[in-house]
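Undergrad: Structure for the following, please:
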Amino acid sequence: MFNRLSTICWVTLIAGLALLTTRPLLAAGADTIRDTVVMAAVGDDPQRHLNAMKPLAEYVGSKLAKLGIENVDILIAQNRDQLVRLLRDGRVDWVTETAYSAAVLEETGAAEILLRKWKHGVASYHSMLFVHRDSAIASATGLQGKKLAFQHPGSTTGYFVPRSELEKNGFRMVELRSVRHTPLPEAVNYIFSGSEYNSALWVHKGLVDAAVLSNLDWQNETLVPTVVKSDLRVLYTSAPIPRALEMVRSSLDPRIKAAIREALLNAAADPDASAALTAYHGTLKFDELDRASIDVLAQIRDSLNSRRIAREPAP
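TA: Residues are numbered from 1 along each chain as shown. I've put the predicted structure just below:
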């Protein structure tokens, strides 16, 4: 029988060393049934993550008891690179990621996609590229020689997908260090705004010529106030992108993978899982990837592969 949820393990880097709790989680590279499964996230607020993850960890843990699983530990990594190392070392078994981060983890071979997560009740979302309503820019071609604001380098909808679309269509991308810098005429010149609000405000004030947000951010009055949105015009909307993805360690025992998958797929129909799903970022349910999700993930993988090849030295 599932006994308890172990104390949260907050992974921190001090002098280049990863510090874990004194109790060993599991052997590196372990691929046999153990008594512990480790659920992880990346972030700088461990208590917030613990509050969101603990109920679902307990629920899924109860379904894994038949395999001899006694504990589900929760571990918080500081960044994606650290998470990759933990996955490769067999110290993490199960994570939730955005589409871009999921593709990056897949590319490392450390993790594989299990299911789609309906985060905050939403299965998918879109990238939206917008300009000032008075802008002469009528299509993506008009972005050449202009300034484009992305959100931050880790954003799926606010950076990676729209940049990949532009690169796929042959545009050269050049990063500017400041909105005050002169854009190159032969490139799409981009800068990171740091927040959804800044992206919208910069276009509104004419600091940049265009910006990108998700449709969910666009609809959020706090992030894009009506007074700002009234001065903006949507130029492009991407294909649907999965809102979030559940992943498991590639080398995890197939029996544990199957059991986690079954528990998540059945959770929406189980009254005992209701509170856990609500706590877990307002999850409505977990399901299989649809065709659109598969296609956009393939696009992200292709873009990642193209960039990797571009970085490799010539033979």
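
Undergrad: From now on I want contacts and neighbour counts done on CA atoms only, so please keep to that.
TA: Fine.

Undergrad: which residues of the stretch 1-150 of the chain fall in strands?
TA: 9-10, 12-14, 17-19, 36-42, 71-77, 94-97, 111-117, 124-125, 127-132, 147-150 (DSSP state E, counting those that start in this stretch).

Undergrad: Could you export these as a markdown table, including mean pLDDT?
TA: Converted to a markdown table, those look like this (pLDDT from 0 to 100):
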| stretch | mean pLDDT |
| --- | --- |
| strand 9-10 | 48 |
| strand 12-14 | 34 |
| strand 17-19 | 31 |
| strand 36-42 | 94 |
| strand 71-77 | 93 |
| strand 94-97 | 95 |
| strand 111-117 | 97 |
| strand 124-125 | 96 |
| strand 127-132 | 97 |
| strand 147-150 | 98 |
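
Undergrad: Could you verify my assumption that L176 touches Y190?
TA: Yes. Under the criterion of C-alpha atoms under 8 Å, L176 makes contact with Y190 at 5.8 Å.

Undergrad: higher neighbour count, those two?
TA: Between L176 and Y190, counting by other C-alpha atoms under 10 Å, Y190 is the more crowded of the two (25 against 19).

Undergrad: pretty sure the more buried one is in a strand, no?
TA: Yes. Assessed by DSSP: H, G, I helix; E, B strand; the rest coil, Y190 belongs to a strand.

Undergrad: Using TSV, please lay out the strands of the stretch 1-150 of the chain together with mean neighbour count and distance to F171.
TA: TSV is the format used below for those (neighbours: other C-alpha atoms under 10 Å; distance: least, C-alpha to C-alpha, whole Å):
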stretch	mean neighbour count	distance to F171
strand 9-10	22	42
strand 12-14	13	38
strand 17-19	11	40
strand 36-42	22	32
strand 71-77	25	35
strand 94-97	22	28
strand 111-117	24	30
strand 124-125	19	24
strand 127-132	24	15
strand 147-150	29	13
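
Undergrad: how about those strands, which one is nearest A65?
TA: Across the strands of the stretch 1-150 of the chain, the minimum distance to A65, taken as C-alpha to C-alpha, is reached by strand 71-77, at 8.8 Å.

Undergrad: name the helices or strands packed onto the closest one?
TA: strand 9-10, strand 36-42, helix 46-64 (3 or more C-alpha pairs under 8 Å, 6 or more residues apart in numbering; DSSP states H and E).

Undergrad: hmm, 6 Å instead?
TA: Applying 3 or more C-alpha pairs under 6 Å, 6 or more residues apart in numbering; DSSP states H and E, one finds that strand 71-77 makes contact with strand 9-10, strand 36-42.

Undergrad: got those strands as CSV, with distance to V248 columns?
TA: Formatted as CSV, the helices and strands packed on strand 71-77 follow (distance: least, C-alpha to C-alpha, whole Å):
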stretch, distance to V248
strand 9-10, 18
strand 36-42, 9
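
Undergrad: Output the longest helix belonging to the protein.
TA: helix 291-311 (DSSP state H).

Undergrad: And the contacts of that helix?
TA: Contacts to helix 291-311, defined as C-alpha atoms under 6 Å, 6 or more residues apart in numbering, come from residues I241, P242.

Undergrad: repeat that for 7 Å
TA: A99, Y100, A103, S164, P240, I241, P242 (C-alpha atoms under 7 Å, 6 or more residues apart in numbering).

Undergrad: residues touching the first one, list them.
TA: Just to be clear, that refers to A99. Contacts of A99 by C-alpha under 7 Å, 6+ apart are T156, P242, A244, L245, L297.

Undergrad: For the stretch 1-150 of the chain, which residues score under the pLDDT cut-off?
TA: For the stretch 1-150 of the chain, residues meeting the criterion pLDDT under 70 lie at 1-34.

Undergrad: Show me how far stretch 155-166 is from its chain's centre.
TA: Taking C-alpha atoms, centre = their mean, to the nearest Å, one finds the center of stretch 155-166 at 12 Å from the center of the full chain.
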